[in-house]
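Trainee: Here's a sequence, model it:
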Amino acid sequence: MARIGFIGMGNMGYAILKGLLNSYGPEDLLFTDKSKERCEMVGKETGVRFMEGNADVAKNVKFLILAVKPIVYPAVLKDLNGVMQEDQIVISIAPGIAVSTVSEGLGGFRRIIRIMPNTPALVGAGMTGYTLEEKLFTQEEIGEARGILKSFSEIVQVEERLMDTVTTVSGSGPAYVYMFINALADAGVRYGLTKKDAIRMAAQTVYGSAKMVLETGEHPEVLRDNVCSPGGTTIAAVAAMEEAGFRNAILKGCEACYLKSSGKI
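Mentor: Down below sits the predicted model:
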């Protein structure tokens with residue numbers, strides 16, 4: 001019997017699987033995907049065994065990770081209704097789908113951990129928000145669940161009402177950052193750099209800046225001000241970006257994400 005199983009092996013499932021292989025052996029993991037070709041490719045690459053049916057995986061693991069898109073959840077939950085045993089744990093990834101919805105779809109099964117990771121998990125640098133009802137689990141189970149999440153990301157526990165906010169900030173956040181990196185690189189190309197060099201400079205700048213925020217503990221505004229000399233080039237750029245609506249564009253984008261995740265649009 002494997003320790004951890006996956007239903008779905010798309011971008012997020014694959015990222016988590018790769019992260020888990022840093023802490024678990026291939027024999028500890030099991031997965032399935034609707035695409036047999038995908039199963040064979042991932043199985044060959046990782047050495048992790050796959051099975052054809054959702055219920056087949058569910059019956060053979062302690063932790064079952066539901067790594068499918070929200071639109072597929074009803075069909076997957078139908079497959080698993082009545083299958084889960086009380087000594088098992090379900091980890092649900094889908095944005096906008098409450099623990100109560102998953103529980104209802106599983107016929108009242110309640111031992112569910114809802115998480116929202118992001119794709120940098122693929123390189124061991126993910127960020128995951130999670131929520132659980134602690135009384136439903138032993139401390140050992142909670143510890144192992146946290147260990148699973150930490151194998152591919154940093155983690156923050158939140159109340160379930162904040163999971164749509166987690167989706168807005170970190171779940172979808174990499175897409176915003178990639179847009180910024182590409183725009184910054186385009187500016188480099190505009191003024192003479194090759195796109196390859198410009199992307200490398202922009203990406204390393206974002207990486208280093210983020211590392212400074214995390215490691216110094218300074219507020220981002222303080223670190224920004226440290227770069228802005230009086231009357232200098234950086235403050236001129238910052239002023240122009242603010243005038244063009246830089247901050248407002250981010251806030252409006254995040255608002256759209258939050259409303260979509262929470263089902264309000």
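Trainee: and the worst-scoring helix or strand of the chain on mean pLDDT, what does it pack onto?
Mentor: Lowest mean confidence among the helices and strands of the chain (mean pLDDT, DSSP states H and E): helix 11-20, at a mean of 90. Using 3 or more CB pairs under 8 Å, 6 or more residues apart in numbering; DSSP states H and E, the elements in contact with helix 11-20 are strand 4-7, strand 29-32, helix 36-46. No exception for glycine: its C-beta is placed from N, CA and C like everyone else's.
Trainee: longest helix of this structure?
Mentor: Counting residues, the longest helix found in the chain (DSSP state H) is helix 195-216.
Trainee: For the helix or strand following it, name the packing helices and strands.
Mentor: Following helix 195-216 in sequence order, the next helix or strand is helix 220-227 (DSSP states H and E). Applying 3+ CB pairs under 8 Å, 6+ apart, we find helix 220-227 packed against helix 195-216.
Trainee: Can you redo the helices and strands packed on helix 11-20 as TSV, where the extra columns are mean neighbour count?
Mentor: Formatted as TSV, these follow (neighbours: other CB atoms under 10 Å):
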stretch	mean neighbour count
strand 4-7	27
strand 29-32	24
helix 36-46	14
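Trainee: can you tell which of those is closest to residue 195?
Mentor: Checking the helices and strands packed on helix 11-20 against residue 195 by CB to CB gives helix 36-46 as the closest, at 29.5 Å.
Trainee: centre of the chain versus whichever helix or strand comes after that closest one, how much separation?
Mentor: Counting by DSSP H and E, the next helix or strand C-terminal to helix 36-46 is strand 49-50. How far strand 49-50 lies from its chain's middle: 23 Å, per CA atoms, centre = their mean, to the nearest Å.
Trainee: helices and strands around strand 49-50, which ones?
Mentor: strand 29-32, helix 36-46.
Trainee: Quick one: mean pLDDT over whichever helix or strand comes after it.
Mentor: Where DSSP H and E defines the elements, the next helix or strand beyond strand 49-50 is helix 54-58. Helix 54-58 shows an average pLDDT of 96 in the prediction.
Trainee: C-alpha coordinates for helix 54-58, PDB please?
Mentor: Output of helix 54-58 as PDB, limited to C-alpha atoms (Å, rounded to 0.1, in the frame of the first residue of the first chain):
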ATOM      1  CA  ASN A  54      -9.800   6.800  -9.400                       C
ATOM      2  CA  ALA A  55     -11.200   4.400  -6.900                       C
ATOM      3  CA  ASP A  56      -8.300   2.000  -7.400                       C
ATOM      4  CA  VAL A  57      -5.900   4.700  -6.200                       C
ATOM      5  CA  ALA A  58      -8.200   5.800  -3.400                       C
END
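Trainee: what comes up buried for it?
Mentor: Across helix 54-58, burial judged by 16 or more other CB atoms under 10 Å covers 54, 55, 57, 58.
Trainee: next one: stretch 147-155
Mentor: For stretch 147-155, by 16+ other CB under 10 Å, it's 148, 149, 151, 152, 153, 155.
Trainee: what's the first-to-last distance across it?
Mentor: 10 Å (CA to CA, to the nearest Å).
Trainee: if we look at it, which residues are touching it?
Mentor: 4, 15-16, 18-20, 22-24, 63, 91, 115, 117-118, 120-121, 124-130, 146 (CB atoms under 8 Å, 6 or more residues apart in numbering).
Trainee: The least confident helix or strand of the chain vs helix 36-46, what angle?
Mentor: Computed by axes from the mean of the first three to the mean of the last three CA atoms, to 10 degrees, the angle separating helix 11-20 from helix 36-46 equals 20 degrees.
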